[in-house]
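Student: Any chance you can model this:
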Amino acid sequence: AKAVSRGLLPPSDPDQVDRVLLGSSGDFCVELLRRTHPEHGRVKDQFLNSWRKTEQGPPRVERVLRIRSPFEIREAFEAYAQAVGNVRRRFHGTCQDAGCKFARHPEQAPCTSSTCRVCCICRRTFSLLRAGETFGGQRNLQQLRYGPGLYFSATSGKSNDYAEGSEQVRSEQKGRQRRWRCMFLCHVAVGKAFCTTEGTLAWDQCPPSG
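Tutor: Predicted coordinates for the structure are as follows:
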């Protein structure tokens, strides 16, 4: 009863799921996967193998959490994915409120702040209304390389550049410090792929929807 009052639910498979964090709205949850869970190894391997930053090695994968989105969001994605096809697993980096302890603390569920991008995605998935926002919350669509849209990458090191706003520092023994960042690995319904080697495109040259 005490665990439930703190937003902790019993995992269906304790051998593979360490704990289940209930979201504030009660219609979504986050599972903390154990290393024995098959998905833990798959996520970790995809992150490390797609880092591709020669100037620095990949960071350590500290935790793998799986988001169980609200039913209506999962249902909408399934319908869209079935319509356009070509579903891929892609990385996404964003910012997190400085006071938010989600992911860094194993018993902390996503916060309810409207400015915490990490937790907003956990609660209600991605929103085009947030596209182009800077770490300070100002929206500037001109900064988007390929026009308004949701941005993901097959390269974890690339998405890590955009996860700087989620970085938090934790002091440890002997004066050492560890830096934490959050990153999403998402199922993305790509549809028809538009390939380019250009770093940016003019808005009138951006690929059409679909």
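Student: centroid residue for the chain?
Tutor: In the chain, the residue lying closest to the centroid (C-alpha atoms, centre = their mean) is residue 184, at 2.1 Å.
Student: Find me whatever residue is spatially closest to that residue, sequence neighbours aside.
Tutor: Distances taken as C-beta to C-beta, 6 or more residues apart in numbering place residue 92 nearest to residue 184, at 4.3 Å, with adjacent residues excluded. Yep, even glycine has a C-beta here, placed from its N, CA and C like the rest.
Student: wait, what's in contact with the one you found?
Tutor: Each residue near residue 92 by C-beta atoms under 8 Å, 6 or more residues apart in numbering is listed here: 121, 126, 150, 151, 152, 153, 159, 162, 183, 184, 185, 186.
Student: Tell me the most packed of these, by neighbour count.
Tutor: residue 159 (23 neighbours; other C-beta atoms under 10 Å).
Student: hang on, residue 178 in a helix?
Tutor: No. Under the criterion used here (DSSP: H, G, I helix; E, B strand; the rest coil), residue 178 is strand, not part of a helix.
Student: what are the phi and psi values for the closest residue to it other than its chain neighbours?
Tutor: Nearest residue to residue 178 in three dimensions, chain neighbours excluded: residue 170, at 5.1 Å (C-beta to C-beta, 6+ apart). Note on residue 170: backbone dihedrals following degrees, to the nearest 10 are phi -120, psi 130.
Student: what about the strands in the protein?
Tutor: 8-9, 17-22, 29-33, 65-68, 87-92, 168-171, 177-180, 184-189 (DSSP state E).
Student: can I get those strands in TSV with distance to residue 46 and mean pLDDT?
Tutor: Formatted as TSV, the strands of the chain follow (distance: least, C-beta to C-beta, whole Å; pLDDT from 0 to 100):
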stretch	distance to residue 46	mean pLDDT
strand 8-9	27	86
strand 17-22	20	96
strand 29-33	14	97
strand 65-68	14	97
strand 87-92	7	97
strand 168-171	23	82
strand 177-180	19	86
strand 184-189	7	97
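Student: Residue 98 is nearest to which of those?
Tutor: strand 168-171 (7.1 Å; C-beta to C-beta).
Student: I'd like to know how many residues surround the residue nearest to residue 178.
Tutor: 10.
Student: Equivalent analysis for residue 50, please.
Tutor: With neighbours defined by other C-beta under 10 Å, the count for residue 50 comes to 19.
Student: circling back: got a markdown table for the strands of the chain, with distance to residue 144 too?
Tutor: Shown next, in a markdown table, are the strands of the chain (distance: least, C-beta to C-beta, whole Å):
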| stretch | distance to residue 144 |
| --- | --- |
| strand 8-9 | 38 |
| strand 17-22 | 32 |
| strand 29-33 | 29 |
| strand 65-68 | 25 |
| strand 87-92 | 14 |
| strand 168-171 | 26 |
| strand 177-180 | 27 |
| strand 184-189 | 17 |
